[in-house]
Each structure stands twice: as C-alpha cells, then as structure tokens.
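*Asks:* pasting the sequence and the predicted model now:
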Amino acid sequence: MATIYYDKDANPSIIKEKKVAVIGYGSQGHAHALNLNDNGVKVTVGLHEGSKSKAKAEADGLSVMTVAKACEQADVIMLLAPDTSQPEIYSDSIEPHLHSGKTLMFGHGFNIRFKTIVPPAEVDVSMIAPKAPGHRVRETFVEGGCTPALLAVHQDASGNARDIALSYAWGIGVTRAGALETTFAEETETDLFGEQSVLCGGVSALVKAAFETLVKAGYQPEVAYFECMHELKLIVDLMYRGGLNYMRYSISDTAEHGDYISGQRIVTEETLGAMNAILKDIQSGAYADQWIEENKKGRPWFNQKRNEEQGHMIEKVGAELRQMMPFLNPVTIKPGE
C-alpha cells in the first residue's frame, strides 16, 4: 500500500522558518507562491529579466526578484519553469547559489530522471507534484481544501529532506488532501505515460478518429461533435467522482452494453502492444532524448504538427457550437498563444 501523508504528519514550522524561492509564475508557480504566502511562509518569486509575469506577481502582493537573486537568498528553491527551460535556468542562475543546507525542489521529475540537471551531492533534492493544474490547486486551497500531490526525495544530504518536503507540501495545502510518497522515476514515467497513452495523446486521437468516422459516413459534423467530444466531459465527470462503477451506474443499460462489447474492439492486443512500446520509450529515455533534441532544433516538427491540429474540422465546428452554450463559459485560445 502507498504511504500517504496528511496535515497531522507535517511540521509547518520547518517551512515557516525558511526563505522560499518559487521559480516561475505560470500555472503551478502562481498557485505554489500564493498558497505559501497565505500560509505565512516567506516566499519570493524568481523571474527572468523582462518577464511579463512580474507585474502580475507584484499585483498579487508577492515579492519578485531575478532568478539568481531569489536563489541566492533562498533556503528552499522550487523550480516550476517549463521542463525544457529548466536546464538553462538551473545552470545560469540556480547552480551557482547551491550549497550545503539548501533544498532544491521540483514539481515534476523530468530533468532529474533524465539527468539534464545533476545537483551537487551536498544539497537536498525533493519533489512535490500536485495532481491537478495550478489553477485548481489555487482554487481548492482558497475554498478550504486542496488537491492531492506526490512527494519524492532524490537526495537527502541533510537527513531532513523528507520533513522539509512535507512541510512545503503543507505550505501549499496539498497535505489537506494527502501527499502520496513516490520516486522521481515513478512520477516521471507514469506522468509521461498517462499523458501520451490516455489523457492527451490517447483521448485526442480517439475523439478525432470517432468524429472523422461519423463525418465520412455522412453524418452532420455538428452531431458528430456532440457525440464524440462534447459528451466526453459528462462521462469523465462521472468517472472522476466514482470510478467506472459510478459511470456505468449512471448511464443506460444500452450504453453499458456498448461499453462491454465495443471497448475491447477499440483497445485490442495491438493497442496494448503500442502502449507497452510507448512505456519502453519513456523508461529507456528514448522519448526524452527525442523531445530534448526537438527543442534544440527549434521545434520544427512540433510547431508544424501544432498548426495542423489547430485547423482540424472538429476545432472549427466545436468553436461554433460552444458559442451556442454560454453556460459553458467557452474559451477561444490556441496552444502557444
């Protein structure tokens, strides 16, 4: 069974007695910094010169410094910049200020797992990874709860790395729901696999394939959109609250029968083989090498694919239909904007 830590297991005084630097003020960065601040922790946001996020962080009542200056004065450094930006930020502005007694923390294990960042042996290295986007981490915290998180220790130079990480977890509120202990490798590999096989890659490909199948068969694109994308949220919400059992309890017997008889025709032995191949690429580092190299080249394939996907018929039809449903609070934005 997993080890899960709660508020009662954390010592808030540990993090309250330290100076914390949160590097980055995006989705996770703003949630960590604001939650820590609300819980009485001395927190500074570290941003690069000219960052557009500086004005927002200051307007939110936070102290902002350059990354180097924030790291120089901090006891605990939480690096929450994008994975692909972290190695350069680390080498330029964080590494020169690491020494015995300091803690380097991450919200995702990618760069430690694939050794694009190798901290000195005399510092603690740990991770607190909330299992929700940053805006939900902040929203649920303000409401009095919070989201669960994963906790991992990569280096325990001080002998107190877990206690410090657990106190930080209390600071951002996640021990209200529970912090599950894991490793950097497990968090990274399962996170990448989930994103690629189900949450992003799998779902996106399945929705598009089903939509295209109906449209090619002569059905109206608008009807295909409702059946293949719009209603997906209704099903996922049921699963989110009560698992597959609650979802199947809530749908019709006809829909449940279709689940059992057709699901296995979609996810075949070939599909499982592809999933295993994806997992092996992640475990071996082949995927990480590919993504790192793509970034070094300026993302030519990634940018081309992003542009192609934005022009898919399901996006055009969906944007029009969502305008008919103001109760959804529809959003019109594209990746990269």
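*Replies:* Okay, I see it.
*Asks:* just the buried residues of the helix or strand hosting D237, please?
*Replies:* Using DSSP states H and E, D237 sits in helix 232-250. Using 16 or more other Cβ atoms under 10 Å as the test for burial, helix 232-250 gives L238, M247, R248, S250. In this view, the C-beta of every residue, glycine as well, is placed from N, C-alpha and C.
*Asks:* heading C-terminal from it, find the next helix or strand.
*Replies:* Once helix 232-250 ends, the next helix or strand along the chain (criterion: DSSP H and E) is helix 253-266.
*Asks:* helices or strands next to the helix or strand that that following helix is followed by in the packing?
*Replies:* For helix 253-266, the following helix or strand on the C-terminal side (DSSP H and E) is helix 269-284. Applying 3 or more Cβ pairs under 8 Å, 6 or more residues apart in numbering; DSSP states H and E, we find helix 269-284 packed against helix 184-194, helix 286-296.
*Asks:* now helix 269-284: mean pLDDT?
*Replies:* Per-residue pLDDT values over helix 269-284 give a mean of 98.
*Asks:* buried residues, it. List them.
*Replies:* So helix 269-284, judged by 16+ other Cβ under 10 Å, has buried residues M275, I278, L279, D281, I282.
*Asks:* go on, stretch 11-28?
*Replies:* Here stretch 11-28 shows 12, 14-16, 18, 20-25, 27-28 as buried, counting by 16+ other Cβ under 10 Å.
*Asks:* least confident of the residues you listed?
*Replies:* Confidence by pLDDT is poorest for S27 among the buried residues of stretch 11-28, given 93.
*Asks:* contacting residues around A2?
*Replies:* With contact set as Cβ atoms under 8 Å, 6 or more residues apart in numbering, A2 has these partners: L180, E181, T182.
*Asks:* ok, the residue nearest to E294 when sequence neighbours are not counted to G26 distance?
*Replies:* With sequence-adjacent residues excluded and distances taken as Cβ to Cβ, 6 or more residues apart in numbering, E294 is closest to F302, at 5.6 Å. F302 is 19 Å from G26, where distance means Cβ to Cβ, to the nearest Å.
*Asks:* which of the helices and strands packed on helix 269-284 sits closest to T140?
*Replies:* Proximity to T140 (Cβ to Cβ) singles out helix 184-194 among these, at 19.9 Å.
*Asks:* now the helix or strand following the closest one: buried residues?
*Replies:* Downstream of helix 184-194, the next assigned helix or strand under DSSP H and E is helix 201-216. By 16+ other Cβ under 10 Å, the buried positions in helix 201-216 come out as G202, K208, A210, F211, E212, L214, V215.
*Asks:* swap in stretch 49-64?
*Replies:* For stretch 49-64, by 16+ other Cβ under 10 Å, it's S51, S53, K54, A57, L62, V64.
*Asks:* starting at the chain centroid, how far to that stretch?
*Replies:* Relative to the centre of its chain, stretch 49-64 is centred 22 Å away, using Cα atoms, centre = their mean, to the nearest Å.
*Asks:* how long is it from one end to the other?
*Replies:* Taking Cα to Cα, to the nearest Å, stretch 49-64 runs 11 Å from one end to the other.
*Asks:* what does stretch 152-160 give?
*Replies:* Stretch 152-160 stretches 13 Å from its first residue to its last (Cα to Cα).
*Asks:* what comes into contact with it?
*Replies:* 14, 100-101, 103, 109, 112, 119, 121-127, 129, 161-162, 164-165, 181-184, 186-187.
*Asks:* can you name the farthest residue from the center of this structure?
*Replies:* What lies farthest from the middle of the chain is G218; by Cα atoms, centre = their mean that is 38.3 Å.
*Asks:* distance check, T103 against D156.
*Replies:* Per Cβ to Cβ, T103 is found 10 Å from D156.
*Asks:* so between these two, which is more surrounded?
*Replies:* Between T103 and D156, T103 has the larger neighbour count (other Cβ atoms under 10 Å), namely 26 against 15.
*Asks:* that one pairs with what?
*Replies:* Per DSSP bridges, the residues bridged to T103 are V76, D124.
*Asks:* separation between it and I89?
*Replies:* The value you get for T103 to I89, if Cβ to Cβ is used, is 17 Å.
*Asks:* can you list the neighbours in contact with the helix or strand hosting L180?
*Replies:* Using DSSP H and E, L180 sits in strand 179-181. With contacts defined as Cβ under 8 Å, 6+ apart, strand 179-181 is touched by 2-6, 128, 148-152, 166, 169.
*Asks:* how is this structure divided into domains?
*Replies:* According to automatic domain parsing, the chain is divided into the following domains: 4-182, 192-328.
*Asks:* and the ones you listed as a markdown table, adding distance to E337?
*Replies:* Shown next, in a markdown table, are the domains of the chain (distance: least, Cβ to Cβ, whole Å):
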| stretch | distance to E337 |
| --- | --- |
| domain 4-182 | 13 |
| domain 192-328 | 10 |
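*Asks:* could you look over the ones you listed and pick the most buried one?
*Replies:* Among the domains of the chain, domain 4-182 has the highest mean neighbour count (mean count of other Cβ atoms under 10 Å), at a mean of 20.
*Asks:* contacting residues around R113?
*Replies:* So R113 contacts F184, A185, T188, E189, A288 (Cβ under 8 Å, 6+ apart).
*Asks:* could you measure from the fourth one over to T183?
*Replies:* Between E189 and T183 the computed distance is 9 Å (Cβ to Cβ).
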